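**Q** Let's see this in three dimensions:
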Amino acid sequence: MWLKPVAWAVVWARSLSCGQGHHAHRERGLLGEAAGLRSIVCGRRVGRKGRLMKAADLTRALKAEATRQGFELSGACPAVRPPGLDHFRQWLEAGYAGAMHYLGRRAEAHEHPRHVLEGARSIVMLGVNYRTVEAKEVRPGEGRVSCYAWGGDYHEWVHERLRALADHHRRLVPGAVVRGVVDTAPLLEREFARLAGLGWIGKNTLVLNRRLGSWFFLAALLTSAELEYDPPGEEAYCGSCRACLDACPTGALVAPYQLDARRCISYLTIELRESVADELRPAMGEWVFGCDVCQDVCPWNGRAPTSLNRSFQPTGAGGALELAGLFWLDDEVFRRRFRQTPLWRARRRGVLRNAAIALGNRPTEAGLAALVRGLDDGEAVVRGACAWALQQFGTQDAREALARRLAVEADAEVRREIAEALG
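**A** Sure, this is the predicted structure:
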């Protein structure tokens, strides 16, 4: 798949970094660059105090520091044209990117890592496990949140460690040009993760590692230095398994290794800014941010270890989000509550749209009052979702609320939603 669990997911995380970490789409990965390329002498690098450092020694030193910083996976590969570039282009041409037009606009930048770091020779690909506790069963009135988003914003943790790793690299090789990125740069991180030996690309389009499954965020450190490269992850271990394809609620996995983002729940709940297509809403169930179904059913993920990283531990109820109260949060209160979490990516309008659909899929008395309030929300996409959700209740109270709103609603699309809800 060529979205980014993502995930950005998430979706961006699934596509380019392979969801493995959803993500914001602004340039955040610049860690600073020292001026000039360092000298190369017979395959060796000039280290501190003029001493020569072999590529193998530098690679071992960087991997050791990466482990010390908390990354569980590390591998080195050359900064070359990504092996899956043609597949990425075909994925874009098929329209599978949906409304993620920024991917097409930056398509040429994905052709080579030099567009991320001028003079890049090597890439250190990194992975950190984010699997924590088992997801709790959601109760009526609650929504599901993808487990990568249970803690704080993972970008902050990763960027801090990337900065430390880049600084360590510059101390070892003064004059090296280095840049660390996570989720946001035009880099096909999934392809380079495979090239660096971190794992293989599974049928659910995520990078799979035999030890960690797919429960890990990807990050990359690009460098002008030459490193000793790991054997690529050529062999896939999915075999004849179809668990992820068969379990996808919306049929987004249209074939092995191929995902139509336009149907993916991670895309619908995080990346899509407009209304969700009517026919996809019931299949979204109670998911309000991301989706873990294709990972939950993967046999490789069943044996993956849990992370003890405190930054990724759940800050709430282990993936369950109370929904009705969200409709009483204005923009400022919503910002204070979610600004430092991955949910901020969808903003208030996206989260409330998703919450309305989830409440419609599992009606409750508290949900009815919240949806009635949502009919008067300032965002048209929220009002439209609330109208659809109230239709699922089928009660006289719901119909009366819809009729009242129709009498004053000015937005044509919302009027259509209300009219259809009233039948």
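
**Q** List the buried residues for the longest helix along the chain?
**A** Criterion DSSP state H: the longest helix present in the chain is helix 154-172. Judged by neighbour count (16 or more other C-beta atoms under 10 Å), helix 154-172 contains these buried residues: 154-155, 157-159, 161-162, 164-166, 168-170, 172. (Glycine included, C-beta is placed from N, CA and C.)

**Q** just checking, what packs against it?
**A** In terms of contacts (3 or more C-beta pairs under 8 Å, 6 or more residues apart in numbering; DSSP states H and E), helix 154-172 is packed against helix 55-69, strand 122-129, strand 178-181, strand 216-223.

**Q** Can you check what angle separates it from strand 216-223?
**A** Computed with axes from the mean of the first three to the mean of the last three C-alpha atoms, to 10 degrees, the direction of helix 154-172 lies at 30 degrees from that of strand 216-223.

**Q** Report the rounded mean pLDDT for helix 154-172.
**A** Helix 154-172 shows a mean pLDDT of 96.

**Q** Strands along the stretch 251-400 of the chain, start to end?
**A** Under the criterion DSSP state E, counting those that start in this stretch, strands of the stretch 251-400 of the chain are mapped to 253-255, 258-259, 287-289, 320-322.

**Q** Would you mark the buried spots in the first one?
**A** For strand 253-255, a neighbour-count test (16+ other C-beta under 10 Å) marks L253 as buried.

**Q** circling back: and the helices and strands packed on helix 154-172: which comes nearest L272?
**A** Smallest distance to L272 across the helices and strands packed on helix 154-172 (C-beta to C-beta): 22.4 Å, for strand 216-223.

**Q** The closest one pairs with which strands, and in what direction?
**A** strand 122-129 (antiparallel), strand 178-181 (antiparallel) (DSSP bridges).

**Q** What angle do helix 55-69 and that strand make with each other?
**A** Using the same axes, to 10 degrees: strand 216-223 against helix 55-69 is 140 degrees.

**Q** Show me the shaky parts of the stretch 51-200 of the chain.
**A** Filtered on pLDDT under 70, the stretch 51-200 of the chain yields the residue ranges 51-52.

**Q** Export the helices and strands packed on helix 154-172 to a markdown table and append columns for distance to E413.
**A** Converted to a markdown table, the helices and strands packed on helix 154-172 look like this (distance: least, C-beta to C-beta, whole Å):
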| stretch | distance to E413 |
| --- | --- |
| helix 55-69 | 48 |
| strand 122-129 | 42 |
| strand 178-181 | 38 |
| strand 216-223 | 37 |
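
**Q** Can you say which of these is packed in most?
**A** Per-stretch averages of neighbours, counted by mean count of other C-beta atoms under 10 Å, single out strand 216-223 among the helices and strands packed on helix 154-172, with a mean of 29.

**Q** May I have that strand as CSV, with CA atoms only?
**A** Below are the C-alpha coordinates for strand 216-223, written out as CSV (Å, rounded to 0.1, in the frame of the first residue of the first chain):
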residue,chain,number,x,y,z
PHE,A,216,6.7,-0.4,15.5
PHE,A,217,7.3,3.2,14.3
LEU,A,218,9.8,3.8,11.5
ALA,A,219,12.4,6.6,11.4
ALA,A,220,15.4,7.3,9.2
LEU,A,221,18.8,8.9,9.7
LEU,A,222,20.3,10.0,6.3
THR,A,223,24.0,10.7,6.1
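
**Q** For it, what does the pLDDT average out to?
**A** Taken as a whole, strand 216-223 has a mean pLDDT of 97.

**Q** what distance separates that strand from the centre of its chain?
**A** Taking C-alpha atoms, centre = their mean, to the nearest Å, the mean C-alpha location of strand 216-223 is offset from the chain mean by 14 Å.

**Q** Quick check: closest non-adjacent residue to N309.
**A** Leaving aside its chain neighbours, N309 sits nearest to G70 (6.6 Å; criterion: C-beta to C-beta, 6 or more residues apart in numbering).

**Q** how many neighbours does that neighbour have?
**A** When neighbours are defined as other C-beta atoms under 10 Å, G70 has 17 of them.

**Q** again, but for E108
**A** Using other C-beta under 10 Å, E108 has 10 neighbouring residues.

**Q** need the contact list for the closest residue to it other than its chain neighbours.
**A** Excluding the flanking residues, the one nearest E108 by C-beta to C-beta, 6+ apart is H115, at 7.6 Å. Contact partners of H115, counting by C-beta atoms under 8 Å, 6 or more residues apart in numbering, are E108, A109, P186.

**Q** Helix or strand: which one has the closest residue in space to the second one that isn't next to it in sequence?
**A** Distance criterion C-beta to C-beta, 6+ apart; nearest residue to A109, sequence neighbours excluded, is P186 at 3.7 Å. Applying DSSP states H and E as the criterion places P186 outside every helix and strand.

**Q** my read: P186 touches P113, true?
**A** No. Counting by C-beta atoms under 8 Å, P186 sits too far from P113 to count as a contact (9.2 Å).

**Q** Settle it for me: which of these two has more neighbours?
**A** P113 (29 against 20).

**Q** mind listing what the more buried one touches?
**A** A79, V80, A120, I123, L187, F192, L222.
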